[in-house]
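I'll drop the sequence and a predicted model, then ask my questions.
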Amino acid sequence: MSLKPLAAFACHPELSRGRLIKEPQSRTRTPFQRDRDRIIHAGAFRKLQYKTQVFVYHEGDYYRTRLTHSLEVAQIARSIARALRLNEDLAEAIALAHDLGHTPFGHAGEDALSLAMEPHGGFDHNEQTFRIVTALEERYPDFDGLNLTWETLEGLAKHNGPVFDPRPALAAFDSTWPLELAGFASAEAQVAALADDIAYINHDLDDGLRAGLFDITECRELPLIGPVFHEVLRQYPDLDDARQIQAAVRELIGRMVEDLLAESSRRLEAASPACSDELRASDRPLISFSDALRSDLKPVRRFQFERMYRHYRVNRLTSKARRVLRQLFDIFLAEPNLLPDEWRRRAEDVETAARARVVADYVAGMTDRYALESHEALFNPYLRL
């Protein structure tokens, strides 16, 4: 398939607002391709392989991790961006980076750190993603972070839409290099955010079915999902459950993508933005699902929340995860000499809030496996150190 020229409202790499720290242009890559490559090579990206999506990594090799989820989001985002004549590289870069700030054990880990950090400025995984790419990654001699382009940083800052009450790290950065937080993000960033929804709704459904948290019969009663399973069964009445699930998930992803493309094309045509800045200034997002699909998704999300995210087996894992992370945070805050040398030096001779932030950064950067091993080493009195 031949590549079509970018739409006028796409983010054109030659018009990028650049980087906070000026750098020579690459001879082989556009600025957004360079962003994508820096994200892939980041230490925080590699750690996603052993960070929970829903199931802790040792529950089984088949289940998705934050890494496989991020790759799936990036694939969906690229496909949508290509169809809408948007910048695929920018959409991919934002998609690959959007979960870098997640703690071990998924949202259970974030809950534990949020509670522990409540007296010290709080903790939020989206803010942590931003801190990672602007400060915490230490790979380059001339700057901290990844020195990403304005457009990629804007997309990460506005992952959930315009920001009217930015958290401290984002507010501080915005005061140095304004990201126009109160406006909408680029079309590429909007695509990456909705690709995230498409990926997790469908792939959590897949993992939940394969884990036996609910069954296909229950799914057939849901809007959007039910008709797809009925259609797969009609076409392939003798198909085994595993292939039936795969066929249904593929079809569901396709239907959600097609709905998004149709609704977004309609909105873009009506608004007719002449450039990416005009799109940002719109009074509503121009990349969107239809009202009908958004309505159908509400009971689907309720079902997944009740039958999967709050299933007793998942609850047991998340309860353990919260205890592990809270106990790690508390002991490192009380005894920073237990931290590795590099982190100990950062935590010494600073006020409590600053020390707590160092400890939170250290714990949040752990993988599931390393967090469990560290907890075992520190709290099992019979284990040799």
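Yes, it's here.

Just want the most central residue of the chain.
Asp99 (3.0 Å; C-alpha atoms, centre = their mean).

can you tell me which residues contact that one?
Neighbour list for Asp99: 48, 66, 69-70, 125, 129 [criterion: C-beta atoms under 8 Å, 6 or more residues apart in numbering]. Every C-beta, even on glycine, is put in place using the N, C-alpha and C of the backbone.

Minimum pLDDT in these, which residue is that?
The member of the contacts of Asp99 with the lowest pLDDT is Arg66, at 90.

Can you give me the neighbour number for Ser282?
For Ser282, the count of nearby residues is 16 (other C-beta atoms under 10 Å).

Apologies, that question was intended for Ala195.
Counted with other C-beta under 10 Å, Ala195 comes out at 30.

repeat for Pro166
Pro166 has 18 nearby residues by other C-beta under 10 Å.

Name the nearest residue to Gln244, sequence neighbours excluded.
Leaving aside its chain neighbours, Gln244 sits nearest to Val232 (5.6 Å; criterion: C-beta to C-beta, 6 or more residues apart in numbering).

Now Arg369: closest residue in space that isn't a chain neighbour?
Using C-beta to C-beta, 6+ apart, the closest residue to Arg369 is Tyr50 (5.1 Å).

how near is the residue nearest to the centre of the chain to Thr52?
Relative to Thr52, Asp99 is positioned 11 Å away (C-beta to C-beta, to the nearest Å).

Now list whatever residues contact both of these two.
Arg66.

Can you tell me the SS state at the residue nearest to Ser26 when sequence neighbours are not counted?
In space, and not counting its chain neighbours, Ser26 is closest to Arg34: 5.3 Å by C-beta to C-beta, 6+ apart. Following DSSP: H, G, I helix; E, B strand; the rest coil, we place Arg34 in the helix state.

Can you give me the neighbour number for Arg34?
Neighbours around Arg34, by other C-beta under 10 Å: 23.

Tell me if I'm right that it and Thr28 touch.
No - applying C-beta atoms under 8 Å as the test, Arg34 and Thr28 come out as separate, 9.0 Å apart.

which phi and psi does Leu339 have?
Dihedral pair for Leu339: phi -70, psi 150, per degrees, to the nearest 10.

show me the contacts for it.
Counted by C-beta under 8 Å, 6+ apart, Leu339 has contacts 332, 347, 358-359, 362.

do Ala292 as well
By C-beta under 8 Å, 6+ apart, the residues touching Ala292 are Asp259.

Next, find the distance separating it from Glu263.
Ala292 is 9 Å from Glu263, by C-beta to C-beta.

For stretch 251-260, which outside residues touch it?
Counting by C-beta under 8 Å, 6+ apart, 76, 79-80, 194, 198, 201-202, 205, 224-225, 228, 231-232, 287-290, 292-293 sit against stretch 251-260.

One more pass at 10 Å, please.
72, 75-76, 79-80, 83-84, 190-191, 194-195, 197-199, 201-203, 205-206, 224-225, 227-229, 231-232, 235, 287-290, 292-294, 296-297, 300 (C-beta atoms under 10 Å, 6 or more residues apart in numbering).

what comes up buried for the strand or helix carrying Arg46?
Arg46 is part of helix 43-47, with elements assigned from DSSP states H and E. Residues of helix 43-47 classed as buried: 44-45, 47 (neighbour count, 16 or more other C-beta atoms under 10 Å).

just the contacts of Asp99 now: which is nearest Asp215?
His69 (23.1 Å; C-beta to C-beta).

what about the closest one, how many neighbours?
22.

So for the longest helix along the chain, what gets flagged as buried?
The residue-count maximum for a helix in the chain (DSSP state H) belongs to helix 241-271. Neighbour-count burial for helix 241-271 flags 244-245, 247-249, 251-253, 255-257, 259-260, 263-264, 267-268, 271 (criterion: 16+ other C-beta under 10 Å).

related to what we said a few turns ago, in contact with the residue nearest to Ser26, which residues?
13, 19, 23, 25-26, 28, 89, 93, 146-149, 152.
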